[in-house]
Structures are given as C-alpha cells and as structure tokens.
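>>> Here is a sequence with its predicted model. Questions after.
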Number of protein chains: 2
Amino acid sequence: MAKVHTIWTVLAVFDPADPASPPDSRFKPLSRDGLVDRVANLLAEAIMAGRILPGARLSESTIARDMGVSRAPVREAARLLESSGLVEYRTNRGFFVQTVSSEALDNLYEFRIVIERAAIARLVAQGAEATLPLLHAQLAELYRVAEAGEDMAQQVEADMQFHRLICRGSGNPRYLTVFDQIANETKLGLILIGRMYDDPHRMAETHEPIIDAIAAGDSDAAVSAIDYHIGTARTLVCQQFRLLEDKTAK
Amino acid sequence: MAKVHTIWTVLAVFDPADPASPPDSRFKPLSRDGLVDRVANLLAEAIMAGRILPGARLSESTIARDMGVSRAPVREAARLLESSGLVEYRTNRGFFVQTVSSEALDNLYEFRIVIERAAIARLVAQGAEATLPLLHAQLAELYRVAEAGEDMAQQVEADMQFHRLICRGSGNPRYLTVFDQIANETKLGLILIGRMYDDPHRMAETHEPIIDAIAAGDSDAAVSAIDYHIGTARTLVCQQFRLLEDKTAK
DNA sequence: CTAATGTCGATTGTCGACAATTTACTTGAC
DNA sequence: GTCAAGTAAATTGTCGACAATCGACATTAG
C-alpha cells in the first residue's frame, strides 16, 4: 500500500513503516501535500479539538478567508472530511460538522467490536512479531499520557493508536481503512463527553490483557480480551453520552 | 438516516423506504441533485460498465468537455468517487480508476465475510419480518436476470442488492455504509473478470439456504449459510481473477 | 391571530482564466 | 545506441467573479 490520499492518513501520526519514506534519508521529506490536504488537516484538527461543535455550519467563505485561500480548496477539503465521517454535506446548504448521538455511538462501538475481533484474530494467526513491539511502545505512551495528565484529546488519540496498530498489523489493509473512518467519528463523540475514564491510569491498564494474549499467541484469548475491552468502553461511553444528552435536552 | 450525499447512495436503486419521499405526492419529486452528483453518477456508471478500465487516467478537462461542464464539479465528483473506492487520487497527477488485484479482491471478500456474518446475525436476532419479503423479491429478481440472460453487470448488481438488503436490515446503519463502500470495489473486479458463475441459475440458487435460515430464525444456520455462500464466491472469483492476471502478464 | 406568500440578504454552485507542476519529447554528449 | 539534461506541451492547482438557491423576515389575506 503506497501513499493513500485520504484524510485519515493525513491525520494519523507519522507512520515509520510507510515505504514512501526512506529510513536513511537525512532530510525531512518536505511536505508534498497540496493546499487541500493542509486545509483538511486544519479543519479536522479544529473539529477534533472541539473548537467547532457538532452540528455547526462550516461557512466556506469564512474558512477560506481565515485560512487565506480561495473557496475551491476548502470545498474539496470538506468533501474529503465528509468521507472520513467528520463532516456532513447537504446540497445547496453547505457542510456541517457531523452530529453524534448515543445511538450512533453505540452502533459505532458494536461495529468496532466486529472488525477488531476479526483483525486481532488475523493478527495472532499470522504471527504478531512485527506488531508486538509497536503495541508495547504504544502501551508505554498510554501510561505516559496518563501520568503526565495530558488533555483529553491526547488520551483519546493514544488509545485509538493502540487499536489502530492491531488493525494495521492484521495483514488485511481493509481493516485499517475502515477503522480509520469510524475512529474519527468515535473521537468526535469522546471529545464531546470531555473525559473517557475517571482514571486514565486504569484505562491504560485495561490494554495489558490484550497484549498478553497476543504475545502468548492465544487467538481466542485475544479475541475475548479485545471484546471485553471495547465492550466496557462501549457501556461507559454510551452511558456518559446519554447523561450528556439528557442534560442538554432539559 | 435521512438523505446521505455519498455516491453509493446515488448508485443504489430507488429505495422505497426513504422517508424523504411522501407516499401520497402526485408529483415525481424531480431530482434535486446538483451537478456534482450527476457527474459522479455518470462517471461511476462508465467505470462499472467497463468503459473506462482500471488504472486509466481520468482527465479532468476531457471529462468536463465531454459532459459540457467545467472542471470544478468534475473534481468534486472524482473526490466523491474516491471515497467509494472506485477512483484513486494522486497529488499533482490526477485521478485514476482504482486498480484491482487478486490479492485485493481476496482481502475484500474476507472482510465482507466478517461484516456480513455480523449483519445477518443481527438481522435474525432482532427479527427479520420487514426484510424477508424484500429478500424474496430480490431472489426472484436474481432468477429473472438469470433466465433472461441479462448481461454481467446486471447479474452482479442483482447479487449485490441481495447482500445489501441483509446489511440494511441489520438495524445498524454502519453495516450498510461500509458494505456499500466495498461493494463498489468488488463490482470493479467482477466486471473485469467478465463473468461470475458459469451457470447464473445455479448462482441464484445458492441464495436460497440464506433466506431459509433467516426465515427459520436460526441465527447460527444463517451465519453458516452466508459464510459458505461468500466463501464459495471468494474462491471462485479469486481463482478466475488470478487466471486473468496470468494471462495479461505473459 | 394564524398561515400562506413575497422579498431580501447571505451562502452555495458553477465557471473561465491563470499559475504551478508533471510528463513527453527533443537534443546533445559519450 | 544509451543516457542525460533541457525544453515544450499538456495537465493539474488555485483563484476571483457571477449565477442559482436557500432561510429568515416582512407582508398580506383570511
């Protein structure tokens, strides 16, 4: 898989295994992304950081003026974000930040369970030697973020990266592309809640059984572990979100 | 789920359950789609019909001239198609029809098994009363297409519609959106092969066990049936495609 | 007072033109 | 003849302008 020009690739952190970047190059491969990608990046960042709230209209002219570009790249960037689930487009009405509901979140988590179960089973089946070190590193990052008391967005990002690695290591790139799509929508919901777990350290710990099962090469245990992990998150997140909905309703 | 402005919705046949169309209106709700949607539709049709082959470059200016529009809507339409997997975009180089390989097809089918297994289980679990008649109607359509000796594209379309109904009836809209994405890419491969089964009638028959299991409310049997059905198609299609690859290689 | 209808401001939809980049070709040296 | 560099043609990237459309408010009939 060469370079894929979709927004979730843009959003993803630097991927060291990307064959497009020569490992021994002494120069940073200065961004060859066009304006569209940069605009999309900026927009996505603003949305995920919660600076633009779900349901809000994205005025093309305003954004174009603020960023100092014309409307054409803004429109294309918005279309890009649409396919990543961050933005919704209504004909003759413009782009809107995707709204989230507890029901949509629940559906999202249900679907994540389905694909991550399959991904982790495949990962174990074909050997996880290459992926395991990455998972351990990401687990360390989860702890670091927890201890350092980083903000919500960073915690969510670290967690998502962990699950992303599993999909990436599955060997079937389809798991990764689909995961990246729905991950963005999940993030949107989590940002809105404002917190994921009361105890970030505890949150990091819940990833341990998953790694253990993968390391042991126990496919069934791995599936159970990820099932439990995401299932727990699902319950918690949807519960929190329903609370939020009730509060804003009254 | 109201109206979704993504290409696979545009491509899908008229959806009688769409709440946006008042049933008692005496007027056909003349298409409110913008130029972009129509261009995307035309492009997708040309690609799926095999008039533009995988790997081919989509010249913006040529398309714009042929369709009698400017390049802006063409670009946006292409971006739309990109998210549906039909087209690939390369910076400063333009849009290309997505190439398919036997490996990619195999990954696609593997993924389809994963999500359709989950979708059909959910469908049975929550009651398939509403979906069953639709499935039966679609099965009839499969037979009709087979007997009438319709062309390849129509056979593929009829088959895909059947599976689409299962995802649609699952109750979790996510199954449908993801299915629609990957369905387009699958079609691309099937068109290239030029035939799906030697015996279209036999192909229609293989859907019977799936319906039977759903009608019986037997979740496990339904999962097994869909598993076997797609698994068989996977083997056949990938085998055919590998043959095709070998032929073009030498 | 209610509910249609008309009007206006703002925003999106589309376009043609120009700038930047890539690709194909030509030229030349070895 | 092969490879390299340089140049030209074609194509994409971006822009600003104008047309089409929408939503909100004012208006008017009942």
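Everything's here; your move. Numbering: from 1, shown residues only, chains lettered A, B, ... in the order given.

>>> C-alpha from now on. contacts and neighbour counts both.
Will do.

>>> Verify the contact between residue A:80 and residue A:40 for me.
Yes: counting by Cα atoms under 8 Å, residue A:40 is a contact partner of residue A:80 at 7.2 Å.

>>> I'd like to know how far the residue nearest the centre of chain A sits from DNA strand C.
Centroid-nearest residue in chain A, with Cα atoms, centre = their mean: residue A:183, separated by 3.6 Å. As for residue A:183, its distance to DNA strand C is 26 Å (criterion: Cα to the nearest atom of the strand, to the nearest Å).

>>> Can you give me the pLDDT of that residue?
pLDDT for residue A:183: 92.

>>> With residue A:42 instead?
93.

>>> Check chain A for its longest helix and report it.
Looking across chain A with DSSP state H, the single longest helix is helix A:219-249.

>>> Is that one positioned near chain B?
No: if you take Cα under 8 Å from any Cα of the partner chain as the test, helix A:219-249 misses chain B, and the best it gets is 13.8 Å.

>>> List the buried residues of that helix.
A:219, A:221-223, A:225-231, A:233-234, A:237-238, A:240-241, A:244 (16 or more other Cα atoms under 10 Å in any protein chain shown).

>>> Likewise for stretch A:74-83?
For stretch A:74-83, a neighbour-count test (16+ other Cα under 10 Å) marks A:74, A:75, A:76, A:77, A:78, A:79, A:80, A:81, A:82, A:83 as buried.

>>> export those to a markdown table and tack on pLDDT, secondary structure and distance to DNA strand D?
A markdown table is the format used below for those (pLDDT from 0 to 100; DSSP: H, G, I helix; E, B strand; the rest coil; distance: Cα to the nearest atom of the strand, whole Å):
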| residue | pLDDT | secondary structure | distance to DNA strand D |
| --- | --- | --- | --- |
| A:74 | 95 | helix | 8 |
| A:75 | 94 | helix | 10 |
| A:76 | 93 | helix | 8 |
| A:77 | 94 | helix | 9 |
| A:78 | 95 | helix | 13 |
| A:79 | 93 | helix | 13 |
| A:80 | 90 | helix | 13 |
| A:81 | 93 | helix | 15 |
| A:82 | 91 | helix | 17 |
| A:83 | 87 | helix | 18 |
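
>>> wait, which of the residues you listed is closest to residue A:36?
Lowest distance from residue A:36 to these (Cα to Cα) belongs to residue A:77, with 5.2 Å.

>>> Not counting residues beside it along the chain, what's closest to the closest one?
Nearest residue to residue A:77, sequence neighbours excluded (Cα to Cα, 6 or more residues apart in numbering or on different chains): residue A:40, at 4.7 Å.

>>> For the host helix or strand of that neighbour, which helices and strands make contact with it?
In this structure, residue A:40 sits in helix A:35-48 according to DSSP states H and E. The helices and strands touching helix A:35-48, judged by 3 or more Cα pairs under 8 Å, 6 or more residues apart in numbering or on different chains; DSSP states H and E, are helix A:7-11, helix A:71-83, helix A:173-193.

>>> Run me through the strand neighbours of the following helix or strand past the second one, direction for each.
It refers to helix A:71-83. Using DSSP H and E, the next helix or strand after helix A:71-83 towards the C-terminus is strand A:87-90. Taking DSSP bridges as the criterion, strand A:87-90 sits next to strand A:94-97 (antiparallel) in its sheet.

>>> average pLDDT across the strand it pairs with?
Average pLDDT, strand A:94-97: 95.

>>> So which other helices or strands are in contact with the longest helix of chain A?
Other helices and strands packing on helix A:219-249, by 3+ Cα pairs under 8 Å, 6+ apart, are helix A:102-125, helix A:173-193, helix A:208-216.

>>> Between helix A:71-83 and the helix holding residue A:40, find me the angle.
50 degrees (axes from the mean of the first three to the mean of the last three Cα atoms, to 10 degrees).

>>> Can you give the strand pairings for whatever helix or strand comes next after helix A:35-48, parallel or anti for each?
Once the chain leaves helix A:35-48, the next helix or strand it forms, by DSSP H and E, is strand A:57-58. Partners of strand A:57-58 in the sheet, by DSSP bridges, are strand A:94-97 (antiparallel).

>>> Can you name the residues in contact with the strand it pairs with?
Strand A:94-97 is contacted from outside by A:47, A:52-60, A:78, A:86-90, using Cα atoms under 8 Å, 6 or more residues apart in numbering or on different chains.

>>> so which of those residues also contact DNA strand C?
Contacts with DNA strand C within the contacts of strand A:94-97, as defined by Cα under 7 Å from any atom of the strand: A:57, A:58, A:59, A:60, A:90.

>>> Turn the residues you listed into TSV, including neighbour count, distance to residue A:162 and pLDDT.
Shown next, in TSV, are these (neighbours: other Cα atoms under 10 Å in any protein chain shown; distance: Cα to Cα, whole Å; pLDDT from 0 to 100):
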residue	neighbour count	distance to residue A:162	pLDDT
A:57	17	32	94
A:58	21	31	95
A:59	16	34	95
A:60	18	35	94
A:90	11	34	93
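
>>> Quick one: name the residues of chain A near DNA strand D.
Counting by Cα under 7 Å from any atom of the strand, chain A sits next to DNA strand D at A:34, A:35, A:36, A:68, A:69, A:70, A:71, A:72, A:73, A:92, A:93.

>>> ok, 6 Å please
A:34, A:35, A:36, A:69, A:70, A:72, A:73, A:92, A:93 (Cα under 6 Å from any atom of the strand).

>>> For the second one, give me its contacts.
Contacts were defined as Cα under 8 Å, 6+ apart; by that measure residue A:35 touches residue A:73.

>>> For residue A:187, see how far away residue A:77 is.
The gap separating residue A:77 from residue A:187 is 19 Å, by Cα to Cα, to the nearest Å.

>>> Hmm, I typed the wrong one, I wanted residue A:119.
20 Å.

>>> go on, residue A:81?
Taken as Cα to Cα, the span from residue A:81 to residue A:187 is 14 Å.

>>> Domain-wise, how is chain A divided?
Domain segmentation of chain A under automatic domain parsing yields A:7-97, A:102-249.

>>> Could you single out the most deeply buried of the ones you listed?
domain A:102-249 (a mean of 18; mean count of other Cα atoms under 10 Å in any protein chain shown).

>>> Run the chain-centre distance for that one.
Relative to its chain's centre, domain A:102-249 lies at 9 Å (Cα atoms, centre = their mean, to the nearest Å).

>>> Look at the residue of chain A found nearest DNA strand D and report its pLDDT.
Residue of chain A nearest DNA strand D, by Cα to the nearest atom of the strand: residue A:35 (3.2 Å). Residue A:35 is assigned 86 on the pLDDT scale.
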